[in-house]
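Visitor: the sequence and its predicted three-dimensional model are supplied below.
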Amino acid sequence: MDSIIFDLDGTLWDSTGSVIDSWNNTLAKYSEVTNRLTVEDMRGVMGLVIGDIAKIFFHYLEEARRLEIINDCCINECEHLEKHGATLYDKLEEVLEALSNKYKLFIVSNCQCGYVESFFKAHGLDKYFIDYECSGKTGLPKGENIKLIMERNNLASPIYVGDTEGDLRASRFAGIPFIYARYGFGNVTEYDYVIDNFQDLLRVL
């Protein structure tokens with residue numbers, strides 16, 4: 001193994017509380033939005049692409065309008081996260097530092113443009129990662145973006161760490177092993193390795 005590619009939400013941090021505060025502040029501007037969101041709502045859509053999240057949250061609106069609203073939420077969300085940050089999993093930086101001394105580290109997420117950058121800026125963790133990719137930038141599903149990272153960085157034998165069934169499928173599509181972060185948001189029954197906290201990576205690897 002020469003590298004580790006990470007999912008972000010539910011793997012490196014839990015941003016649900018911070019994101020909900022930002023989204024509900026934005027949604028208050030729109031009179032046609034009849035629902036306010038909870039942390040449980042957000043946990044239920046972590047790992048999905050923005051269009052699918054919009055359909056779940058605002059199914060009673062026309063597609064163009066719900067996409068307009070959710071894009072506004074995403075812009076404000078990135079600004080909020082960059083300023084306030086979110087909850088990092090225990091010993092995250094300590095473990096990233098140790099791993100970066102041996103492996104090349106990357107991030108591939110289904111997030112919008114600016115989200116990974118907010119994670120970096122809020123917590124100063126960009127120094128541990130060589131490259132990253134997201135669906136908001138490429139318009140591609142996660143498996144394709146993993147392959148992009150592999151090709152762009154000439155990776156011979158990476159492994160993917162994530163917390164959802166979608167992460168498993170993306171890993172299988174890219175043809176690389178999958179480590180299931182069981183502490184995250186998903187419920188995955190098939191995996192190559194499993195960790196119950198972020199520090200477990202040091203033991204597994």
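Guide: Perfect, I can see it now.
Visitor: all helices for the protein, in order.
Guide: 16-27, 39-45, 50-57, 63-84, 92-100, 115-123, 135-138, 142-152, 165-174, 200-204 (DSSP state H).
Visitor: weakest of those by average pLDDT?
Guide: Least confident of those, judged by mean pLDDT, is helix 39-45 with a mean of 87.
Visitor: tell me which other helices or strands that helix touches.
Guide: If you count contacts as 3 or more C-beta pairs under 8 Å, 6 or more residues apart in numbering; DSSP states H and E, helix 39-45 packs onto helix 16-27, helix 50-57. The C-beta positions use only the backbone N, C-alpha and C, and glycine is treated the same way.
Visitor: so which of the ones you listed gets nearest Leu201?
Guide: With C-beta to C-beta, the closest approach to Leu201 among the helices and strands packed on helix 39-45 belongs to helix 16-27: 22.0 Å.
Visitor: can I get the closest one as PDB, trimmed to CA atoms?
Guide: Extracted as PDB, the C-alpha positions of helix 16-27 are listed here (Å, rounded to 0.1, in the frame of the first residue of the first chain):
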ATOM      1  CA  THR A  16     -23.700  18.100  11.100                       C
ATOM      2  CA  GLY A  17     -24.200  20.400  14.100                       C
ATOM      3  CA  SER A  18     -22.400  23.300  12.500                       C
ATOM      4  CA  VAL A  19     -24.000  22.700   9.100                       C
ATOM      5  CA  ILE A  20     -27.500  22.600  10.500                       C
ATOM      6  CA  ASP A  21     -27.100  26.000  12.200                       C
ATOM      7  CA  SER A  22     -25.900  27.500   8.900                       C
ATOM      8  CA  TRP A  23     -28.600  25.900   6.700                       C
ATOM      9  CA  ASN A  24     -31.500  26.800   9.000                       C
ATOM     10  CA  ASN A  25     -30.300  30.400   9.000                       C
ATOM     11  CA  THR A  26     -30.300  30.400   5.200                       C
ATOM     12  CA  LEU A  27     -33.600  28.700   4.900                       C
END
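Visitor: Val39: neighbour count?
Guide: Neighbours of Val39 under the rule other C-beta atoms under 10 Å: 13.
Visitor: distance of the residue of the chain most remote from its centre relative to Glu63?
Guide: Relative to the centre of the chain, the most outlying C-alpha is that of Ser31, 29.7 Å out, by C-alpha atoms, centre = their mean. The gap separating Ser31 from Glu63 is 19 Å, by C-beta to C-beta, to the nearest Å.
Visitor: please consider this matter closed, and thank you.
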